[in-house]
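Chemist: here is a sequence with its predicted model. Questions after.
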Amino acid sequence: MTGLKSESLNRGKALMGYPRSSVEQARAMQPPPRESAVMMLLYPVNQEWMTVFMKRPEGGGVHSGQLSFPGGKLENNESHLEAALRETLEETGFKAESQNVVGTLNEIYIPPSHFVVAPFVACLERIPDFTPNPQEVVELIEFPVNNFLQHDIIREKEIFIPTMNRHIQARYFDVNGHTLWGATAMMVQEFREVFGFE
């Protein structure tokens, strides 16, 4: 598997939103964080590369209402990749295969939910046939990858974090009018750095 990990020491710092422990520090905590994995899907639509985000239902937990890549926690001693593939199928109805996976991004610790998430990147030859799970997905939002490769794509605003009971000044991506911030935005930023956008 070809690694996509950026060597930049500044990876995603502008989009962290708030201080967070490293993955190594998190895994040394008691109790240890739960392990999870997500999948960034890349696929062509009318000769333009797209990716897709899920909008989660409101009121369902720490990350309710937020945008994320398909994914979730590990179950039954599965690997991170197995979890990412399974969750992608369960949430979007699309069955990605391990041979579609072209690389990984750096793992990230998410303090509010006490999760470590491992991101995978999959490249598809055609448009996926999505059938989103209405219990876990309000909508699937397709977004052109090229739109992320712009110097003025990152914006900033005040965001309220319920688990911390406070507002923070955070940087984010505007995805078709939706706010993409936090861990998923850090993944997107690392993906941008692969193409030289810091």
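Modeler: Thanks, I have the structure now. Quantities reported herein were computed from a predicted structural model and do not represent experimental measurements. Numbering: from 1, shown residues only.
Chemist: ok, how many other residues are close to the closest residue to residue 180 other than its chain neighbours?
Modeler: In this structure, residue 180 finds its nearest non-sequential neighbour in residue 173, 4.3 Å apart by C-beta to C-beta, 6 or more residues apart in numbering. Yep, even glycine has a C-beta here, placed from its N, CA and C like the rest. With neighbours defined by other C-beta atoms under 10 Å, the count for residue 173 comes to 22.
Chemist: residues of the longest strand belonging to the chain that come out buried?
Modeler: Determined from DSSP state E, the single longest strand within the chain is strand 34-45. Neighbour counts over strand 34-45 (16 or more other C-beta atoms under 10 Å) mark 35-43 as buried.
Chemist: what's the answer for stretch 169-177, then?
Modeler: For stretch 169-177, by 16+ other C-beta under 10 Å, it's 170-173, 175.
Chemist: just the ones of those residues in strands?
Modeler: 170-173, 175.
Chemist: can you show me the helices along the chain?
Modeler: Ranges of helices within the chain are 23-27, 80-92, 145-148, 182-194, based on DSSP state H.
Chemist: who does the residue nearest to residue 180 bridge with?
Modeler: Taking DSSP bridges as the rule, residue 173 bridges to residue 154, residue 180.
Chemist: can you check residue 52 too?
Modeler: In beta-bridge terms (that is, DSSP bridges), residue 52 pairs with residue 142.
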